[in-house]
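Novice: Would you be able to build a 3D model of this:
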Amino acid sequence: MANIYDLLKELKKIEVEFTDPASKKVYISKSHIKRLDDNTMLIDPPSINNIICNLEINQDIKIVVKNNEGYFTGSCLIMGKELSSTSGIIISYPTNVKFNQRREYLRVALNLDVALHVLENSYNNSEKIIDIVTHDISGTGFSYISDEPLQNYYSILAKISLSEDNEQIETSCDHVYSKKFVTMNKVLKYKNALMYTCMNKYDNDRLIKAIFKFQLEQRKKGIL
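Specialist: From the prediction side, this is the model:
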């Protein structure tokens with residue numbers, strides 16, 4: 001079996017788990033390795049809702065590196081910041097490495113109200129809000145059905161409403177695909193899939209709990 005150091009390469013996609021110094025919340029953000037040095041790595045700085053997080057020198061973080069069998073987690077220390085043309089944060093190589101078997105996230109046909117805040121470009125604050133209902137959802141993403149495909153966006157912020165409380169879940173998202181299909185009534189529709197890119201751990205735990213609760217209720221009704 002490979003070890004984490006076999007997977008550490010330039011441009012390798014990773015996830016970074018960190019505590020935001022301002023809010024003290026724990027987040028998981030997408031990142032990638034920009035450069036490997038003798039004792040440190042340069043990575044793309046983590047962000048929260050497309051805003052780069054100002055992490056502190058000597059702050060502890062965790063990185064997650066995946067392969068086909070599962071994923072490695074390791075503890076790293078922020079050693080510094082680089083502001084040259086190849087900017088990023090400098091971290092130590094991971095220690096206290098653990099391996100976890102790949103876990104498939106349960107996807108269920110749970111219908112939740114979501115407000116998609118779509119920023120169409122990076123040079124102004126022109127934002128449109130699309131109110132949708134999830135077609136299905138998991139701990140890593142969701143899909144919805146629409147008359148038009150999702151396209152022409154710079155960033156997406158999803159505000160997910162859980163049925164059991166009034167506290168919304170906010171997460172930035174990436175658009176995975178928009179696939180067209182024809183309904184039984186011969187109407188053209190699109191299935192749009194989105195993936196979370198920065199959801200804090202507390203919200204992710206709440207969402208997964210709601211998904212398993214829905215699955216349990218469906219089983220009691222004999223639907224699953």
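Novice: Please count neighbours and contacts with C-alpha atoms only from this point.
Specialist: OK.
Novice: Run through this protein and note the low-pLDDT ranges.
Specialist: Across the chain, residues meeting the criterion (pLDDT under 70) sit at 1-2, 101-105, 122-125, 164-165, 223-224.
Novice: same thing but 80
Specialist: Regions of the chain meeting the criterion pLDDT under 80 cover residues 1-3, 48-50, 68-70, 84-85, 100-106, 120-126, 152, 154, 163-166, 220-224.
Novice: Which segments of it make up each domain?
Specialist: Per automatic domain parsing, the structural domains of the chain span 4-101, 113-219.
Novice: right, so of those, which gets closest to R107?
Specialist: Of all these, domain 113-219 sits nearest to R107, with 4.4 Å by Cα to Cα.
Novice: Straight-line length of that closest one, end to end?
Specialist: End-to-end distance for domain 113-219: 23 Å, by Cα to Cα, to the nearest Å.
Novice: Centre of this structure to the edge, which residue is at the far end?
Specialist: Most distant residue from the mean C-alpha position of the chain: N185, 35.0 Å away (Cα atoms, centre = their mean).
Novice: Look up phi and psi at that residue.
Specialist: Phi and psi for N185, reported as degrees, to the nearest 10, are phi -90, psi 10.
Novice: The one 5 residues further on too?
Specialist: For Y190, the backbone dihedrals are phi -130, psi 140 (criterion: degrees, to the nearest 10).
Novice: Centre-most residue in this structure?
Specialist: Central residue of the chain (Cα atoms, centre = their mean): T197, at 2.5 Å.
Novice: can you tell me which residues contact that residue?
Specialist: Counting by Cα atoms under 8 Å, 6 or more residues apart in numbering, T197 makes contact with 28-30, 171-174.
Novice: Which stretches in the protein count as helices?
Specialist: 4-7, 201-220 (DSSP state H).
Novice: Please convert those to a markdown table, extending it with distance to K24 and mean neighbour count.
Specialist: As requested, these are exported to a markdown table (distance: least, Cα to Cα, whole Å; neighbours: other Cα atoms under 10 Å):
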| stretch | distance to K24 | mean neighbour count |
| --- | --- | --- |
| helix 4-7 | 28 | 14 |
| helix 201-220 | 12 | 15 |
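Novice: Redo the ones you listed as a markdown table? Include distance to M79.
Specialist: Shown next, in a markdown table, are those (distance: least, Cα to Cα, whole Å):
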| stretch | distance to M79 |
| --- | --- |
| helix 4-7 | 19 |
| helix 201-220 | 24 |
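Novice: To L106, which of those helices lies closest?
Specialist: helix 201-220 (7.8 Å).
Novice: can you list contacts of the closest one?
Specialist: Residues outside helix 201-220 that contact it (Cα under 8 Å, 6+ apart): 26-28, 106-108, 110, 137-139, 162, 169, 224.
Novice: and those, which two are the farthest apart?
Specialist: Longest span within the contacts of helix 201-220, Cα to Cα: V26 and L224, 33.7 Å.
Novice: Looking at the two, which is more packed in?
Specialist: Neighbour count, other Cα atoms under 10 Å: between V26 and L224, V26 has more, with 17 against 9.
Novice: That one contacts E17, doesn't it?
Specialist: Yes - V26 lies in contact with E17 (Cα atoms under 8 Å); the separation is 6.9 Å.
Novice: Residues that sit against both of these two, list them.
Specialist: By Cα under 8 Å, 6+ apart, no residue touches both V26 and E17.
Novice: State the distance from the residue farthest from the centre of the chain to S146.
Specialist: With Cα to Cα as the criterion, N185 and S146 are 15 Å apart.
Novice: Next: K25.
Specialist: 34 Å.
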